[in-house]
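1. give me coordinates for this.
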Amino acid sequence: MLAVAALSSACGTQKISVSKSQPVLYEGATLFNQRCSGCHTFSYAAAHGSAQNVRTAQFNNGPNFDVRCERPVARVLYAIQNGGFSGAIMPQNIVVGAQALAVAQFVATYSGRSAPKIPGVVPCEQVPIGTFAQALAPTATPAPTGSPGAVTGASTPTTPTSP
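-> Numbering: from 1, shown residues only. Predicted structure coming up:
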């Protein structure tokens with residue numbers, strides 16, 4: 001009975017491994033642990049939600065961010081706001097506002113650090129993380145007025161003309 005008690009007390013002892021001296025990243029790791037660990041694996045946030053074996057994977061098992069590189073911050077923020085990239089499984093806006101920015105910064109900073117080295121693939125640590133300003137900037141910029149192909153105002157359908 002003592003052996004069982006000793007073994008069971010060791011379970012779940014992994015802790016968030018982001019320094020508290022980096023408050024935004026630490027907050028992002030804590031929020032990731034609280035809101036995302038059911039579906040995603042990410043050792044920096046003590047999260048183990050991804051399937052280890054594709055044959056036993058469940059519908060809601062999300063990517064393993066220890067090996068999957070997610071950069072820049074704007075891409076991560078997009079996934080948080082839109083329910084991943086498919087919008088089919090992950091809830092939209094699982095964190096919002098400053099919390100969403102903290103989680104996005106955390107994921108962009110620490111993801112992909114255990115990815116295997118693949119010839120011809122740029123390692124995650126060499127991909128730019130991006131900034132909050134880039135993440136909050138509008139996604140589309142209008143074409144300059146007067147440039148070839150620029151569309152101004154509302155678009156109207158055109159019908160082909162015969163020669």
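
2. now do the helices in this protein.
-> Secondary structure of the chain (DSSP state H): helices located at 2-10, 23-35, 73-82, 97-110, 132-136.

3. which strands or helices does the shortest one pack on?
-> Think helix 132-136. In terms of contacts (3 or more C-beta pairs under 8 Å, 6 or more residues apart in numbering; DSSP states H and E), helix 132-136 is packed against helix 73-82, helix 97-110. Backbone N, C-alpha and C define where each C-beta goes, glycine included.

4. likewise for the fourth one?
-> Under the contact criterion of 3+ C-beta pairs under 8 Å, 6+ apart, the helices and strands touching helix 97-110 comprise helix 23-35, helix 73-82, helix 132-136.

5. do the same with the second one
-> Helix 23-35 makes packing contacts with helix 97-110 when contacts are defined by 3+ C-beta pairs under 8 Å, 6+ apart.

6. would you mark the buried spots in the helix it packs on?
-> 99-110 (16 or more other C-beta atoms under 10 Å).

7. same deal with stretch 75-83?
-> Here stretch 75-83 shows 75-77, 79-80 as buried, counting by 16+ other C-beta under 10 Å.

8. same question, stretch 14-27
-> Quick answer for stretch 14-27 (16+ other C-beta under 10 Å): 16, 18, 24-27.

9. in TSV: those residues, plus distance to residue 34.
-> Formatted as TSV, the buried residues of stretch 14-27 follow (distance: C-beta to C-beta, whole Å):
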residue	distance to residue 34
16	10
18	14
24	16
25	15
26	13
27	11
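
10. out of those residues, who's nearest residue 37?
-> residue 16 (10.5 Å; C-beta to C-beta).

11. go ahead and confirm that closest one touches residue 31.
-> No: Residue 16 lies out of contact with residue 31 (C-beta atoms under 8 Å); the separation is 10.4 Å.

12. how about low-confidence regions in the chain?
-> 1-13, 139-163 (pLDDT under 70).

13. show me which pair in the buried residues of stretch 14-27 is furthest apart.
-> 16 and 24 (13.5 Å).

14. as CSV, the buried residues of helix 97-110 with distance to residue 123 would be great.
-> Shown next, in CSV, are the buried residues of helix 97-110 (distance: C-beta to C-beta, whole Å):
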residue, distance to residue 123
99, 29
100, 26
101, 25
102, 25
103, 23
104, 20
105, 20
106, 19
107, 17
108, 15
109, 14
110, 14
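
15. and which of the residues you listed is nearest residue 92?
-> Nearest member of the buried residues of helix 97-110 to residue 92, counting by C-beta to C-beta, is residue 100, at 10.7 Å.
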